[in-house]
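# no sequence on this one, just coordinates:
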């Protein structure tokens, strides 16, 4: 439900990193598409749709991939870019063995 004081504004144009795909799933390899599908399975669908749109328009102005966390600065509809982060825990050795068995 949209709050009564909500006003839609288009993002401020940025010349950032652009996703290669124009529609559908984002990711060039099967495993990257599967990872994004997994993230989307528990994330807010509207937010993920907006995120793909921003990625395709070049709204991601900084992206850092580090051990256990990915962070990005995104130019949205207000002058100051905002930061998003996605963190994951390391898979323990026993988890890797189970994944290998399943594969």
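Ah, there it is. All values derive from a computational prediction rather than experimental measurement. Residues are numbered from 1 along each chain as shown.
# Report the separation between the nearest residue to residue 18 once chain neighbours are set aside and residue 93.
Take residue 18 and drop its neighbours on the chain: the residue closest to it by Cβ to Cβ, 6 or more residues apart in numbering is residue 58, 4.4 Å away. Where C-beta positions appear, they are placed from N, C-alpha and C, glycine not excepted. Counting by Cβ to Cβ, to the nearest Å, the separation of residue 58 from residue 93 is 40 Å.
# same for the one helix or strand residue 72 maps to, what does it pack against?
Using DSSP states H and E, residue 72 maps to strand 69-74. Packing partners of strand 69-74 (3 or more Cβ pairs under 8 Å, 6 or more residues apart in numbering; DSSP states H and E): strand 60-66, strand 82-87.
# if we can go back for a sec, which of residue 58 and residue 93 has more neighbours?
Here residue 58 and residue 93 are compared on neighbour count by other Cβ atoms under 10 Å; more neighbours surround residue 58, at 16 against 8.
# what about stretch 17-37, average pLDDT?
The average of the pLDDT scores along stretch 17-37 is 82.
# Start and end of that stretch, how far apart?
Start and end residues of stretch 17-37 are separated by 21 Å (Cα to Cα, to the nearest Å).
# contacting residues around that stretch?
Residues outside stretch 17-37 that contact it (Cβ atoms under 8 Å, 6 or more residues apart in numbering) are 52, 55, 56, 57, 58, 60, 61, 63.
# Great, nothing more from me.
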